[in-house]
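Engineer: Need coordinates for the below:
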Amino acid sequence: MSEVRLTAETRTEFGKGASRRDRRAGKVPAVLYGHGTDPRHVNLVHREFGRAIKGGANTVLTLALESGDELALPKVVVRHPLRDYYEHVDLILVRRGEKVTVDVQLLVTGDAASGTLVLHDTTTLSVEVDALAIPDSIEVSIAGLDAGSQILAGQVELPEGSVLITDPEALVVAVQAAPTEGDLEAEGSGEAPSAEAAEPAAE
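Structural biologist: So this is what the prediction gives:
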């Protein structure tokens with residue numbers, strides 16, 4: 001988990017025109033909310049925010065506001081679909097020792113048994129964890145797993161202090177037999193394997 005300090009200045013002008021001016025000036029319009037407080041509109045320095053978010057979506061930001069420092073997590077980050085800049089950010093306030101629910105990236109390690117194909121059904125797990133102890137990733141080992149093996153969310157070993165929010169029965173990884181050369185040829189021709197190939201010959 002990363003924690004980064006950013007400058008955040010109060011935004012006093014609103015609307016599309018004001019937002020465009022802010023972006024041209026190298027700023028990212030953002031809204032800070034949470035803990036029952038009124039939403040606060042701020043501007044972040046685009047370059048600082050870009051560097052911070054490279055640490056991952058779960059980077060805890062220490063916002064240097066006129067009223068004092070606040071801890072926040074990016075909740076929604078909107079990037080322009082074509083141009084390389086951030087259009088808007090929603091930030092949620094957090095406190096030290098507070099539990100938050102976040103999606104953490106899964107890191108699959110190891111190699112399954114020879115002749116198998118590994119299918120990844122999900123790339124993240126939702127967990128509840130201390131706001132200042134969010135793991136960068138959660139490791140899932142598939143070392144030596146045979147065809148037919150599955151790993152469910154509830155079977156994944158979580159970092160200490162983390163509580164699973166994702167459905168424990170949700171499929172994470174499935175291992176199946178890799179298709180044979182004959183399977184691929186049949187698929188390419190659009191034909192099903194012949195009965196002689198699919199069934200043992202009668203004696």
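Engineer: helix or strand for the residue nearest to D111 when sequence neighbours are not counted, which one?
Structural biologist: Among residues not flanking D111 along the chain, A143 sits closest, at 6.4 Å (Cβ to Cβ, 6 or more residues apart in numbering). The way it works is simple: take the backbone N, C-alpha and C, and place the C-beta from them, glycine included. For A143, there is no enclosing helix or strand under DSSP states H and E.
Engineer: and A143, how many neighbours does it have?
Structural biologist: 9 (other Cβ atoms under 10 Å).
Engineer: got the contact list for it?
Structural biologist: Residues near A143 by Cβ atoms under 8 Å, 6 or more residues apart in numbering: 109-112.
Engineer: Buried only: go through these for me.
Structural biologist: Using 16 or more other Cβ atoms under 10 Å as the burial test, these include A112 as buried.
Engineer: Narrow the contacts of A143 to those in strands?
Structural biologist: T109 (DSSP state E).
Engineer: Name every sheet partner of the host helix or strand of L32 and say whether each one runs parallel or antiparallel.
Structural biologist: Using DSSP H and E, L32 maps to strand 27-34. Here strand 27-34 is paired, per DSSP bridges, with strand 37-45 (antiparallel), strand 86-94 (parallel).
Engineer: Now mean neighbour count and mean pLDDT too, for those, in a markdown table please.
Structural biologist: Formatted as a markdown table, the strands paired with strand 27-34 follow (neighbours: other Cβ atoms under 10 Å; pLDDT from 0 to 100):
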| stretch | mean neighbour count | mean pLDDT |
| --- | --- | --- |
| strand 37-45 | 17 | 90 |
| strand 86-94 | 19 | 91 |
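Engineer: and these as JSON lines, adding distance to V102?
Structural biologist: Below are the strands paired with strand 27-34 laid out as JSON lines (distance: least, Cβ to Cβ, whole Å):
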{"stretch": "strand 37-45", "distance to V102": "20"}
{"stretch": "strand 86-94", "distance to V102": "10"}
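Engineer: tell me the secondary structure for T7?
Structural biologist: Secondary structure for T7, judged by DSSP: H, G, I helix; E, B strand; the rest coil, is strand.
Engineer: Go through the contacts of A143 and name the one nearest E87.
Structural biologist: T109 (35.7 Å; Cβ to Cβ).
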